[in-house]
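Q: Got a predicted structure plus its sequence, pasted below:
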Amino acid sequence: MTEATQRKTSLSPRVCSAIDRWLTRYPADQKRSGVMQALMFAQEENGGWLTTSLMDAVADYLDMPRIAVYEIVSFYTLYNIHPVGRHVIYVCTNISCMLNGSDRILSHFKKRLEIDCNETTIDGKFTLRETECLAACTAAPMCQINKKYYENLTTEKVDAILAELE
Ligand code: FES
């Protein structure tokens, strides 16, 4: 347990341990370098989203300004500040995907799930998000669901993917 863990924190022991292990990759005086993964650990344990108190706890744990953590969380789409469904679907609509039919794919997700972007299905299963380039342009159109990429999408593939997800 690090000195920081021994101080009072609202992060769980499991998250603190995961962060401590991750921080071994960085010089001791550069703890803030691990902030993105630390936020991911906290988010995953909290069911996929970050509360303000969790963000504050991560900032305090890494001895960095809370505002810097808020800036990171509000910049990257991989962090959520509201409750999300079990599966978060990120449909890329950036240039390569757009030229290869991402509008059709996004519309199909909306129609199948009966929700708009940034909404969650009533059963809490899916949240739909639109996102910028996910660096898989050669397989456009594509989407990310949780941590997995689905590429060269068609409406038929979307149907098959949704049928597979519990
Ligand atoms: S434009 Fe969609 S992955 Fe790059």
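A: Okay, I see it. These figures come from a predicted structure and were not determined experimentally.

Q: Could you give the average pLDDT over stretch 30-40?
A: Stretch 30-40 shows an average pLDDT of 97 in the prediction.

Q: Can you give me the first-to-last residue distance of that stretch?
A: With Cα to Cα, to the nearest Å applied, stretch 30-40 spans 18 Å between its terminal residues.

Q: List the buried residues of it.
A: Residues 31-32, 34-36, 38-40 are the ones in stretch 30-40 that count as buried (16 or more other Cβ atoms under 10 Å). For glycine as for every other residue, the C-beta is placed from the backbone atoms N, C-alpha and C.

Q: Columns distance to Asp63 and secondary structure on top of those residues, output as CSV?
A: Listed next are those as CSV, based on distance: Cβ to Cβ, whole Å; DSSP: H, G, I helix; E, B strand; the rest coil:
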residue, distance to Asp63, secondary structure
Lys31, 6, helix
Arg32, 7, helix
Gly34, 11, helix
Val35, 11, helix
Met36, 16, helix
Ala38, 12, helix
Leu39, 15, helix
Met40, 19, helix
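
Q: how about TSV for these, with distance to Lys111 added?
A: Formatted as TSV, the buried residues of stretch 30-40 follow (distance: Cβ to Cβ, whole Å):
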residue	distance to Lys111
Lys31	46
Arg32	43
Gly34	41
Val35	38
Met36	34
Ala38	38
Leu39	33
Met40	31
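
Q: Give me the subset of those residues that also touch the ligand.
A: Applying Cβ under 6 Å from any ligand atom to these, one finds that nothing falls near the ligand.

Q: Having no further points to raise, I will conclude here.
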